[in-house]
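>>> Provided below are the primary sequence and the corresponding predicted coordinates.
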Amino acid sequence: MVELTLPRNSKITAKGKSYKGEKSPSSDKAPDMRTFKIYRSDPDSGENPRVDSYEIDVSDVSMVLDALIRIKDTLDPTVTFRRSCREGVCGSCAMNINGANTLACTKGMDECGSGDVAIYPLPHQPVVKDLVTDLSKFYEQHAAIEPFLQSRDEPEQEHIQSHEQREKLDGLYECILCACCSTSCPSYWWNGDKDDGNEYLGPAALLQAYRWLQDSRDDEKSRRLDYLDDNFRLYRCHTIFNCTSVCPKGLNPAEAIAGIKRMMVERAK
Amino acid sequence: MSDQSASTPLSPHLQIWRWTVTLFCSITHRVTGMALYAGTILLTIWLASAATGEAAFATVQAIYTSPFGLIVLFGYTWALFFHLLNGIRHFVWDAGYGFSIPASRGSAWGVVGGSLALTIAVWAAVFMTGGN
């Protein structure tokens, strides 16, 4: 059953705190004070989640991740988030900024409008702490589609691909598994975390499934399609388009999923 | 994961998500699809009353042409046009077209605007031709 509201322990009911920063000493511009409203949750405390406010000078801040680091450095070292590459390659800093999932490191402050910036963890996931969510299920789903080349015969030489065959993988292989798309999908919210076999795999896993279905070197197309031919695993996609709207790499999971559905029809002919 | 789920909070989802027109069209497609069941029942009652006799038909006709009845029928008409146009949108997707972000948003706005325009056109025609 679809649960539209949050469980009792997850409602944002605890009182948030406010922090106020000073003018950035490294900035030679006029101060530009902006407020960040950040979701805070510490399961060890036993308290419900809260939203804290942080006002900082962003006159010399280009990306939201830089702002988060400034908040952690200057106002509150307990703010917890994942980050690594700071250039949109690793996918660690995926989070919900102003109501849509994206990577904090590639989200420019100039894309955040002029009001407060609201930052939440990826939606409908178990929260480890603050902006860090437990993505175990997401990774299991990726593993389930067997994201590796499977050829039946031992090849005597390297697999040869034509330019056309290789081009079919463009727009598919670039996925960094940041989970922005899957956790943006209402269908994934309601059906992505089921353990009873009625589980929707989500846009990220399905995009990768399509990537291997499109690979001319792979011999297990039929078995891959057999696995996906399921009311829940594949057909919970209703083309809502949240996945494609939020993908920070500009990929199109909605189109890939439609491609799998068409492959199902074509092989049934 | 399951043993800690009692204390591990679930992150907010619908509560924080910024709505888009494509998201609106998806949920509205489902809602209008359900509304069409109710509308079909209204249509069946209308036909059944016509088959029953003049008095029964007059009663149903009086209810349907009351202000409340007209509002319901207007809503039914819109639900029909919305579901029809968005159904065409799904049909085009099934054929493999219209997956770019501009195409998906443009077609979504087209469905919203088109369904309203067609509904208003139908009812304008009804009132202009003196239908009751």
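Received, thanks.
>>> drop to CA atoms for contacts and neighbour counts, all remaining ones
Noted.
>>> what does chain B have sitting close to chain A?
For chain B, the residues in contact with chain A (C-alpha under 8 Å from any C-alpha of the partner chain) are B:5, B:7-18, B:22-23, B:25-26, B:93-94, B:96, B:99-101, B:104.
>>> let's see 6 Å
Residues of chain B lying near chain A by C-alpha under 6 Å from any C-alpha of the partner chain: B:8-13, B:16-18, B:23, B:26, B:99.
>>> Could you pull out the strands in the stretch 1-150 of chain A for me?
Assigned by DSSP state E, counting those that start in this stretch, the stretch 1-150 of chain A shows strands spanning A:18-20, A:33-40, A:50-57, A:94-97, A:100-103, A:117-120, A:127-129, A:132-133.
>>> Let me have these in TSV, extended by mean pLDDT and mean neighbour count.
Output for these, formatted as TSV (pLDDT from 0 to 100; neighbours: other C-alpha atoms under 10 Å in any protein chain shown):
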stretch	mean pLDDT	mean neighbour count
strand A:18-20	97	14
strand A:33-40	98	22
strand A:50-57	98	21
strand A:94-97	98	26
strand A:100-103	98	28
strand A:117-120	98	22
strand A:127-129	97	23
strand A:132-133	98	23
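>>> Make TSV out of the ones you listed and add distance to chain B.
Supplementary listing: the strands of the stretch 1-150 of chain A in TSV, determined by distance: least, C-alpha to the nearest C-alpha, whole Å:
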stretch	distance to chain B
strand A:18-20	20
strand A:33-40	9
strand A:50-57	11
strand A:94-97	8
strand A:100-103	6
strand A:117-120	8
strand A:127-129	6
strand A:132-133	8
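>>> export the residues of chain B next to chain A to CSV and tack on secondary structure, pLDDT and neighbour count?
CSV is the format used below for those (DSSP: H, G, I helix; E, B strand; the rest coil; pLDDT from 0 to 100; neighbours: other C-alpha atoms under 10 Å in any protein chain shown):
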residue, secondary structure, pLDDT, neighbour count
B:8, coil, 91, 24
B:9, coil, 95, 26
B:10, strand, 96, 23
B:11, coil, 97, 28
B:12, coil, 97, 24
B:13, coil, 97, 24
B:16, coil, 97, 17
B:17, coil, 97, 17
B:18, coil, 96, 14
B:23, helix, 97, 19
B:26, helix, 97, 16
B:99, coil, 97, 20
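>>> Now flag whichever of the residues you listed is closest to residue B:86.
For the residues of chain B next to chain A, the residue nearest residue B:86 by C-alpha to C-alpha is residue B:26; the value is 8.5 Å.
>>> Apart from its neighbours in sequence, what residue is nearest the closest one?
Of all residues not flanking residue B:26 in the chain, residue A:240 sits nearest, at 5.5 Å (C-alpha to C-alpha, 6 or more residues apart in numbering or on different chains).
>>> Residue A:220 too?
Among residues not flanking residue A:220 along the chain, residue A:150 sits closest, at 6.3 Å (C-alpha to C-alpha, 6+ apart).
>>> Kindly report the same for residue B:109.
Distance criterion C-alpha to C-alpha, 6+ apart; nearest residue to residue B:109, sequence neighbours excluded, is residue B:21 at 6.9 Å.
>>> That neighbour: neighbour count?
17 (other C-alpha atoms under 10 Å in any protein chain shown).
>>> now swap in the one 4 residues further on and tell me
For residue B:25, the count of nearby residues is 23 (other C-alpha under 10 Å).
>>> hang on, it in a helix?
Yes - counting by DSSP: H, G, I helix; E, B strand; the rest coil, residue B:25 is found in a helix.
>>> Where does the residue nearest to it when sequence neighbours are not counted fall, secondary structure wise?
Spatially, and ignoring its direct neighbours in sequence, residue B:25 is nearest to residue B:108 (6.4 Å; C-alpha to C-alpha, 6+ apart). Per DSSP states H and E: residue B:108 is located in helix B:101-128.
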